[in-house]
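A predicted structure for the sequence below; I have some questions about it.
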Amino acid sequence: MADQVRDLAALLTQRLPVITDSPEGTEAVAVAIARQLTPGCVIALHGTLGAGKTVFAHGFARALGIVEPVSSPTFTLVQEYPFPGGVLYHLDLYRIDNSDAALAFGVDEFLYDPRGYALVEWPERIMDILPPNTLHLLLRPLGRSSQREISLLGQ
Ligand SMILES: Nc1ncnc2c1ncn2[C@@H]1O[C@H](COP(=O)(O)OP(=O)(O)OP(=O)(O)O)[C@@H](O)[C@H]1O
Ligand SMILES: [Mg+2]
């Protein structure tokens, strides 16, 4: 695991899980995490439909100074958001069957760009090709409320 990601994981272990009460709360958590990272990171966003993965991505983008709203890239698979110093890739692999299909559209270009941050929704589809230092986060709705638990996976 890269040192940067190991340090961050240790930090997050102290601060996560957290429970947010609103989309704004989830965005704030994303901002806090984004501030700890530098380009070259992959963040896998696990969670069911409507868990808040895209809301998280929107907050993450704001932290990088991206003002363009981040919406779901379900139909395009990837959206690119350039910012001074790098590019944010927002991937939604819901419609992708497996890593072969993802590689066929060139997913490795986004996962291994040293100038890029890659946020991956539905990372379960490509677990076998995610970089080993990928940060795995789980967003979990609590009941039917607007509460979401955000935790670090794999600790
Ligand atoms: N605490 C919360 N954090 C995030 N989103 C919340 C929260 N409470 C309510 N919501 C709502 O839940 C929805 C989350 O939608 P979002 O598109 O981010 O989910 P998603 O995980 O990306 O789903 P999909 O797998 O379909 O892409 C939004 O409508 C948002 O307003
Ligand atoms: Mg989404």
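On my side now, so go ahead. Ligands and ions are numbered 1, 2, ... in the order given.

Can you name the residue of this protein nearest ligand 2?
residue 54 (3.4 Å; C-beta to the ion). All C-beta spots, glycine's among them, are computed from the backbone N, C-alpha and C.

is it true that that residue lies in a helix?
Yes - under DSSP: H, G, I helix; E, B strand; the rest coil, residue 54 falls within a helix.

neighbours of residue 107, just the number please.
Applying other C-beta atoms under 10 Å, we find 24 other residues in the vicinity of residue 107.

one step back: surely the residue of the chain closest to ligand 2 meets residue 121?
Yes - contact criterion C-beta atoms under 8 Å: residue 54 and residue 121 qualify, at 6.9 Å.

Could you list everything residue 19 pairs with in the sheet?
With DSSP bridges as the criterion, residue 19 is bridged to residue 149.

So which residues on this protein come close to ligand 1?
Residues of the chain found near ligand 1 (C-beta under 6 Å from any ligand atom) are 20-23, 25-26, 47, 49-55, 72, 121, 146, 148.

Can you show me the strands along this structure?
In the chain, the strands defined using DSSP state E lie at 18-20, 42-46, 78-83, 86-92, 116-121, 135-141, 148-152.

And the pLDDT at residue 7?
For residue 7, the pLDDT comes out at 74.

Check the gap between it and residue 116 for me.
Applying C-beta to C-beta, to the nearest Å, the value for residue 7 to residue 116 is 20 Å.

of these two, who's got more company?
For residue 7 versus residue 116, neighbours defined as other C-beta under 10 Å are more numerous around residue 116 (20 against 12).

For the nearest residue to the more buried one once chain neighbours are set aside, which residues are in contact?
Nearest residue to residue 116 in three dimensions, chain neighbours excluded: residue 87, at 4.9 Å (C-beta to C-beta, 6 or more residues apart in numbering). Residues in contact with residue 87 (C-beta atoms under 8 Å, 6 or more residues apart in numbering) are 80, 81, 113, 115, 116, 117.

All set, thanks.
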